[in-house]
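Visitor: Need a 3D model of the following:
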Amino acid sequence: MRLRHTAAAALGALALLLTQSGSASAATGDFSYEFVGLHGHPQSATLHDPPSPGCVVLPEVADPGSSEPAFAPHNDTDEWVMVFTEPNCTGDSWTLRPHGNPTTARLKLRSVFLTGRH
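Guide: Model prediction:
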C-alpha cells in the first residue's frame, strides 16, 4: 500500500512537471519550515521565492542517516506545493495550498516539490 502511495505521488509530481511549458521560474513568496539544529535546538529556515517548478531538497535535513526530518512547513508562496518525507521528492507526500496556514509539528519533510500551479 505504501509503495502504491509513493509511486502515485511520484507520478503525479512528474505529470505536473511535464505539463509545464517554458523555462523554470520562481514561486513568489516564502516557504518556511523548522528543523532541529546541531545543538538540539529548534531552528527555522525560509526559502524565499523558491525555484519552480521543481524539487528542492532541504539542506539541513537532506541526510536521513544524520538528521531528523524538518517539520511544521508553511507554504506562503503563490503555488501549490507537495512536501515529501524523503529527499529527492520521494516517500509519503502531502499537498499544501498557496498562502495556507502553518501546519503542525507532526508534519515531517525532507524535500518539497513546487508545482508551478497557482
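Visitor: my read is residue 60 is in a strand, agree?
Guide: No: counting by DSSP: H, G, I helix; E, B strand; the rest coil, residue 60 is not found in a strand; it is helix.
Visitor: dump the residue contacts of it.
Guide: Contact analysis of residue 60 by Cβ atoms under 8 Å, 6 or more residues apart in numbering lists 35, 37, 43, 45, 67, 70. C-beta coordinates here come from the backbone N, C-alpha and C atoms, glycine included.
Visitor: cutoff 10 Å now
Guide: Each residue near residue 60 by Cβ atoms under 10 Å, 6 or more residues apart in numbering is listed here: 33-38, 43, 45, 67-70, 110.
Visitor: By pLDDT, give me the weakest of those.
Guide: For the contacts of residue 60, the model is least confident at residue 38; its pLDDT is 87.
Visitor: That one reaches residue 67, doesn't it?
Guide: Yes: using Cβ atoms under 10 Å, residue 38 is in contact with residue 67, at 9.3 Å.
Visitor: As a check, name the ranges of all strands in the protein.
Guide: With DSSP state E as the criterion, the chain has strands at 25-26, 29-36, 42-48, 51-52, 54-57, 70-77, 81-86, 90-96, 108-109, 111-114.
Visitor: By mean pLDDT, show me the worst of the ones you listed.
Guide: Across these, strand 25-26 gives the lowest mean pLDDT, at a mean of 90.
Visitor: and it, which strands flank it?
Guide: In the sheet containing strand 25-26, its partner strands are strand 51-52 (antiparallel), by DSSP bridges.
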